[in-house]
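K.L.:
generate a structure from the sequence data that follows.
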Amino acid sequence: MFEQWKQKIVTGSTLTASEVSQELISFEGSVTQQKGGEPADGEDIGSVTCVPVAEALTALEVAALNAEQRQAFDIVNRHMIMSEADEEVPQLLMQLVGEAGTGKSRVIQTITDAFKLVGLSKRLQKGAFTGIAACLIGGQTLHSLFGMNI
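P.N.:
So this is what the prediction gives:
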């Protein structure tokens, strides 16, 4: 289940929230039905494979994006896939703008998680106009990012 989610994220396929929630319900139900409750620490619970939490969280975050947010994510995701495949692609410079509460930070966090998932965190630079905004996205102010003294 989680490998399918990961593949959908990496390829840019659509994953709906209902698909994710239904799979999680099925997954949880199969574990409790097999063992009659929660397994003890370290207990072998059969066919269930231990998967890093980041994979499931990223799938859930991508599914929660609205159409415009998903479009921004897809642009970065396609670029990441092409550059990971060693294709000659120019550097992607992208700016997300919008009023407060439009989901800019959510998109940036989802992009950050996708980069972490494929081990490319060091290739992603995040910047914002203010220190508070930079802190919220785990980035730097633009002045600091570009080495500009004020």
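
K.L.:
which helix or strand in this protein has the lowest average pLDDT?
P.N.:
Least confident element among the helices and strands of the chain, by mean pLDDT, DSSP states H and E: helix 17-35 (a mean of 46).

K.L.:
may I see the buried residues of stretch 61-69?
P.N.:
When neighbours are counted by 16 or more other CB atoms under 10 Å, the buried residues of stretch 61-69 are found to be Glu61, Val62, Ala63, Leu65, Gln69. All C-beta atoms are positioned from the backbone trio N, CA, C, and that covers glycine.

K.L.:
for Ala100, see how far away Ile132 is.
P.N.:
From Ile132 over to Ala100 the distance is 12 Å, taken as CB to CB, to the nearest Å.

K.L.:
how about Thr112?
P.N.:
With CB to CB as the criterion, Thr112 and Ala100 are 20 Å apart.

K.L.:
and these two? which has more neighbours close in?
P.N.:
Between Thr112 and Ala100, counted using other CB atoms under 10 Å, the more crowded position is Thr112 (18 against 6).

K.L.:
let me know the average pLDDT across the helix or strand encompassing that one.
P.N.:
Applying DSSP states H and E as the criterion places Thr112 in helix 104-117. For helix 104-117, the mean per-residue pLDDT is 90.
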